[in-house]
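Peer 1: whatever this is, show me its structure:
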Amino acid sequence: MTADQPLPILATHSGKFHCDEVFAYAVLRLALGLSEVGQDHVLLRTRKMELIGTADIVWDVGFTFDAAANRFDHHQRGAPVRPDETPFSSAGLIWQVYGERAVAALLKESGSEAFAPAIAAELDETVVRRIDEIDNGVSAEGPLQRETLGLATLVGEFNPTWDDPAGSGPTAGDVAFQEATALILGILRRRVAGLRARLAAETSVLAAHEAGEDPRILVLDRGMPWKNVVFSHDLPVLFAVSPASNGNWMLDTMPPEPGSFAQRLPLPEAWAGLEAEALAAKTGIPDAVFVHLRRFVGAAKSRAGAVELARKAIAS
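Peer 2: Predicted coordinates:
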């Protein structure tokens, strides 16, 4: 943007704000690379149609949905709905157009933009859809319950109280709107980072399993989430070996199903509760460190030692 170009105008309604329009604004900020009001864009909070008509992007106000024209209201008759008939809020409408770009912007620093489509789709189902439901007072899962610690409630509580002077006048709530946006931006950054890490772990786990000598023993060079990958890809893993922060190599057992505290194959009963010399004598592995009394985890001082523990456990 050059100095002689006017700043883009982003418009939503004035007055009390809700999660959907704050979320939509945060998404636009990310997708369009906007950082500060007055510096690289104008935020116009108004209900005056003559001012709304001057905006480059409008959401949650204006009684028009036309994505090609950057109009994203959902209050008019014939407003768009999801394939299952769930009504969109302005958050959902903006997300359909700008969500993947917003996610890609957050992934750019780590060079992980390839994950953007998958992460955007998951966020649409797990976060954006819920905002749509709450804003429209509907739920596919039955009666809509008030969530006292839910995102919509937390954003709503940024609104000035009835007796707060900041709640009246032509700029009422504008500062609070920006504060609420900062909350949403932080949540989006952390949620995208977590999903990126999960997908990166999935890639690493599958590669490690493919390269392994025994499909029942998963050997990882770094600690990372692996059990859900084993479940989702139906891998025959019984044990996973990975380095611990104290320099040891951990041997973890695989549960038979998500959430279970059981094991597909517990470590041998004869090893239960043994440590150091006693465990080394029992297993024949000199650097064996310990096996938990409940037989779900053990350790050795070396990668080779932990892998050998797994091999002997399978053979026992």
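Peer 1: and residue 43, which of the three is it?
Peer 2: Taking DSSP: H, G, I helix; E, B strand; the rest coil as the rule, one finds residue 43 in the strand state.
Peer 1: swap in residue 218?
Peer 2: Taking three-state DSSP, the label given to residue 218 is strand.
Peer 1: surely it and residue 230 touch.
Peer 2: Yes. With contact taken as Cβ atoms under 8 Å, residue 218 and residue 230 are classed as touching, separated by 7.3 Å. Using the backbone N, CA and C atoms, a C-beta is placed for each residue, glycine as well.
Peer 1: who has more neighbours, those two?
Peer 2: residue 218 (26 against 20; other Cβ atoms under 10 Å).
Peer 1: and the more buried one, how far from residue 227?
Peer 2: Distance, residue 218 to residue 227, by Cβ to Cβ, to the nearest Å: 10 Å.
Peer 1: cool, residue 276 as well?
Peer 2: Residue 276 sits at a distance of 28 Å from residue 227 (criterion: Cβ to Cβ).
Peer 1: for residue 51, same thing?
Peer 2: 54 Å.
Peer 1: what do residue 218 and residue 227 both touch?
Peer 2: Between them, residue 218 and residue 227 share these contacting residues under Cβ atoms under 8 Å, 6 or more residues apart in numbering: residue 240.
Peer 1: what touches both of residue 218 and residue 230?
Peer 2: 205, 237.
Peer 1: so what are the domain limits for this structure?
Peer 2: 9-199, 212-315 (automatic domain parsing).
Peer 1: which of these sits closest to residue 205?
Peer 2: Proximity of the domains of the chain to residue 205 was assessed by Cβ to Cβ; the nearest stretch is domain 212-315, lying at 4.2 Å.
Peer 1: quote the end-to-end distance of the closest one.
Peer 2: From its first residue to its last, domain 212-315 covers 17 Å (Cα to Cα, to the nearest Å).
Peer 1: how far off centre is that domain?
Peer 2: How far domain 212-315 lies from its chain's middle: 29 Å, per Cα atoms, centre = their mean, to the nearest Å.
Peer 1: ditto for stretch 204-213
Peer 2: Centre-to-centre, stretch 204-213 and its host chain are 25 Å apart (Cα atoms, centre = their mean).
Peer 1: and stretch 85-104, by the same measure?
Peer 2: Taking Cα atoms, centre = their mean, the mean C-alpha location of stretch 85-104 is offset from the chain mean by 15 Å.
Peer 1: what secondary structure does residue 311 sit in?
Peer 2: When the structure is reduced to helix, strand and coil (three-state DSSP), residue 311 reads as helix.
Peer 1: shouldn't it be in contact with residue 213?
Peer 2: No. Assessed by Cβ under 8 Å, residue 311 is found out of contact with residue 213, at 9.5 Å.
Peer 1: compare these two (neighbour count), which wins?
Peer 2: More crowded of residue 311 and residue 213, by other Cβ under 10 Å: residue 311, with 16 against 9.
Peer 1: now do the more buried one, the pLDDT please.
Peer 2: In this prediction, residue 311 carries a pLDDT score of 98.
Peer 1: looking at the domains of the chain, which is nearest to residue 206?
Peer 2: Go through those one by one with Cβ to Cβ and the one that ends up closest to residue 206 is domain 212-315, at 6.7 Å.
Peer 1: which parts of the stretch 101-250 of the chain are strands?
Peer 2: Across the stretch 101-250 of the chain, reading from the start of the chain, the strands by DSSP state E, counting those that start in this stretch fall at 217-219, 239-243, 249-253.
Peer 1: give me the longest helix you can find in the chain.
Peer 2: Across the chain, the longest stretch assigned as helix under DSSP state H is helix 174-211.
Peer 1: give me the most central residue, this structure.
Peer 2: The C-alpha lying nearest the average C-alpha coordinate of the chain belongs to residue 191 (Cα atoms, centre = their mean; 3.0 Å).
Peer 1: I'd say that one and residue 123 touch.
Peer 2: Yes. Assessed by Cβ under 8 Å, residue 191 is found in contact with residue 123 at 6.8 Å.
Peer 1: what number of residues lie near residue 240?
Peer 2: One way to gauge burial is a neighbour count; for residue 240, by other Cβ under 10 Å, it gives 24.
Peer 1: what mean pLDDT does stretch 152-172 have?
Peer 2: In this model, stretch 152-172 carries a mean pLDDT of 92.
Peer 1: okay, it in PDB with CA atoms only?
Peer 2: Backbone C-alpha positions of stretch 152-172 (Å, rounded to 0.1, in the frame of the first residue of the first chain) are rendered in PDB as follows:
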ATOM      1  CA  ALA A 152     -18.600 -16.500  23.300                       C
ATOM      2  CA  THR A 153     -19.100 -15.700  26.900                       C
ATOM      3  CA  LEU A 154     -15.600 -14.500  27.500                       C
ATOM      4  CA  VAL A 155     -15.700 -12.200  24.400                       C
ATOM      5  CA  GLY A 156     -19.100 -10.800  25.500                       C
ATOM      6  CA  GLU A 157     -17.700  -9.900  28.900                       C
ATOM      7  CA  PHE A 158     -15.400  -7.400  27.200                       C
ATOM      8  CA  ASN A 159     -18.400  -5.200  26.500                       C
ATOM      9  CA  PRO A 160     -18.700  -2.100  28.800                       C
ATOM     10  CA  THR A 161     -21.100  -2.500  31.600                       C
ATOM     11  CA  TRP A 162     -24.300  -0.400  31.600                       C
ATOM     12  CA  ASP A 163     -22.900   2.200  34.000                       C
ATOM     13  CA  ASP A 164     -19.400   2.400  32.300                       C
ATOM     14  CA  PRO A 165     -18.900   5.800  30.600                       C
ATOM     15  CA  ALA A 166     -17.100   3.900  27.800                       C
ATOM     16  CA  GLY A 167     -20.400   2.300  26.900                       C
ATOM     17  CA  SER A 168     -22.000   5.500  25.600                       C
ATOM     18  CA  GLY A 169     -21.200   7.900  22.800                       C
ATOM     19  CA  PRO A 170     -20.200   7.500  19.100                       C
ATOM     20  CA  THR A 171     -17.100   5.400  19.900                       C
ATOM     21  CA  ALA A 172     -18.900   3.300  22.600                       C
END
